[in-house]
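>>> Take a look and give me a structure for this.
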Amino acid sequence: MPGGRLTHQERQQIVLGLADNLSYAEIARRLDRPTSTVTREVMRNGGPNAYRADLAHRATERRARRRGSPASPGPQAAPREQGQDTEAMAQYEETFAAVLMASGLTRMSARVLTCLFTTDTGSLTASRLAQRLQVSPASISKAIAFLESQSLVRRERDEGRRDRYVVDDELFYQATIASARANDRLVETARQGVAVLGPNTPAAARLENIARFLDFISESIIRAAEQAREVLHTEPQAPA
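Alright, predicted model coming up:
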């Protein structure tokens, strides 16, 4: 399996694969690269709809030059948890963020959520998030606002009356329920269309089928989440 950075020719192959609606796994197989490499490459360079080989290649070269230039004075990134392999963790966090982006999160929201998930405490202040991700407080604030709206993070006040942003097991359950409930509005609107179009028209039948399908999916997700909720509060067993 080839290592190192993607070549310009490989990036062109990624463009062709995306145009053919191939999965990341299939594109990676054709390039003989890990799926995570292709996923990360696409998501950090505009996503599947905006990815361009030339722009991605130039962006990679710019990042490489910045890494090779002397570091300018400024805030240092927060240290990793004790005993962690810094390079392996950085690569894992980038992969995790790319997967979250593929599910619909913006890049900064995905990076913030990844940072919180991979921190032992599961909580950080805005200043610590900005320091760890090396971005502005305004970027953190915007990402947090979106994550809160999706029930993916919770805001708490610590003893110093600073806001801390928290992820925990219960939030993951709540986000799943909120995602399922997001279909309710579409179901209601589709059924309004049935009444307007008339129950005997093909268009009304199509809307009713969509409503029934989404209704069933939502109820199934909620039922499964309720049944599996206790898993989130159970200590995982150590491998034998």
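>>> From here on, just use CA atoms for contacts and neighbour counts.
Noted.
>>> Who are the contact partners of the residue nearest to Leu197 when sequence neighbours are not counted?
The shortest distance from Leu197 to any non-neighbouring residue, by Cα to Cα, 6 or more residues apart in numbering, is to Ala204 (5.7 Å). For Ala204, the residues meeting the contact criterion (Cα atoms under 8 Å, 6 or more residues apart in numbering) are Gly193, Val194, Ala195, Leu197, Gly198.
>>> Heading C-terminal from the one helix or strand the first one maps to, find the next helix or strand.
Following DSSP states H and E, the helix or strand that holds Gly193 is helix 169-197. With elements assigned by DSSP H and E, the helix or strand that comes after helix 169-197 is helix 202-228.
>>> which SSE is the most centrally placed residue in the chain in?
Closest residue to the average C-alpha location of the chain: Leu100 at 1.6 Å, with Cα atoms, centre = their mean. Following DSSP H and E, the helix or strand that holds Leu100 is helix 86-102.
>>> For that helix, which outside residues touch it?
Judged by Cα under 8 Å, 6+ apart, the contacts made with helix 86-102 from elsewhere in the structure are 36-37, 39-40, 43-44, 47, 80, 107, 110-111, 113-115, 118.
>>> again, only using 7 Å
Judged by Cα atoms under 7 Å, 6 or more residues apart in numbering, the contacts made with helix 86-102 from elsewhere in the structure are Ser36, Thr39, Arg40, Met43, Arg80, Arg107, Ala110, Arg111, Thr114.
>>> Packing partners of the very next helix or strand once past it?
Downstream of helix 86-102, the next assigned helix or strand under DSSP H and E is helix 107-117. If you count contacts as 3 or more Cα pairs under 7 Å, 6 or more residues apart in numbering; DSSP states H and E, helix 107-117 packs onto helix 86-102, helix 137-149.
>>> and of those helices, who's closest to Gly17?
Nearest to Gly17, of all the helices and strands packed on helix 107-117, is helix 86-102, at 16.1 Å by Cα to Cα.
>>> tell me how far that closest one is from the chain's mean position?
10 Å (Cα atoms, centre = their mean, to the nearest Å).
>>> so who does Leu232 touch?
Here Leu232 is in contact with Asp169 (Cα under 7 Å, 6+ apart).
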